[in-house]
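A.B. asks: what would the 3D arrangement of this be:
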Amino acid sequence: MIEALDFARRGDISRANRLLRKMRNIPGLAADACYGLGLIELCQNNTKNAHGYFCKATQIDTAHADAFYQLAKIADSQGDAVTAVLYLKSAIAQNAGHVMASEALEEHGHFAVAKA
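C.D. replies: Sure thing, here's the model as predicted:
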């Protein structure tokens, strides 16, 4: 996973895509691979494809807080604050320490509550 994201950071998107696509079929790595593919699509302004990958990541791993956070950002960018708040709450439910989700939720006028 780290190698694929390193390729993406260096601008070798096709190589990163190939690695992540292979990883999608490996149990235990599939959710993170979909998340990585979503990040690449998001960086290329392919919001629809990114959304699909982030959704897939949350279907594979229902506790993937970062994927929920990215879905919230996409919803926000589309002016759908209600959906964004739901995704942010999901991110925080999975990871009470998700600082970016907590800050975004506060910006929406909601207050994040850490798990007891």
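A.B. asks: from here on, contacts and neighbour counts on C-alpha atoms
C.D. replies: Will do.
A.B. asks: quick one, phi psi at residue 11?
C.D. replies: Main-chain dihedrals, residue 11, degrees, to the nearest 10: phi 90, psi 0.
A.B. asks: for this structure, name the helix or strand with the lowest mean pLDDT.
C.D. replies: The weakest-scoring helix or strand in the chain, judged by mean pLDDT, DSSP states H and E, is helix 2-9 (a mean of 86).
A.B. asks: tell me what that one is packed against?
C.D. replies: Helix 2-9 sits against helix 13-23, with contacts defined as 3 or more C-alpha pairs under 8 Å, 6 or more residues apart in numbering; DSSP states H and E.
A.B. asks: ok, then the element right after the helix it packs on?
C.D. replies: Scanning forward in sequence from helix 13-23 by DSSP states H and E, the next helix or strand is helix 30-43.
A.B. asks: next, the angle helix 2-9 makes with that next one.
C.D. replies: Interaxial angle, helix 30-43 versus helix 2-9 (axes from the mean of the first three to the mean of the last three C-alpha atoms, to 10 degrees): 0 degrees.
A.B. asks: list the buried ones in helix 30-43?
C.D. replies: Using 16 or more other C-alpha atoms under 10 Å as the test for burial, helix 30-43 gives 30-42.
A.B. asks: with stretch 94-103 instead?
C.D. replies: Buried residues in stretch 94-103 (16+ other C-alpha under 10 Å): 94-96, 98, 101-102.
A.B. asks: domain ranges for the protein?
C.D. replies: By the assignment in automatic domain parsing, the chain contains the domains 1-61, 63-116.
A.B. asks: between its first and last residues, how far does the first one reach?
C.D. replies: Think domain 1-61. With C-alpha to C-alpha, to the nearest Å as the measure, domain 1-61 spans 16 Å from end to end.
A.B. asks: so how far is it from its chain's centroid?
C.D. replies: 10 Å (C-alpha atoms, centre = their mean, to the nearest Å).
A.B. asks: do the same with stretch 59-73
C.D. replies: The answer for stretch 59-73 is 5 Å, by C-alpha atoms, centre = their mean.
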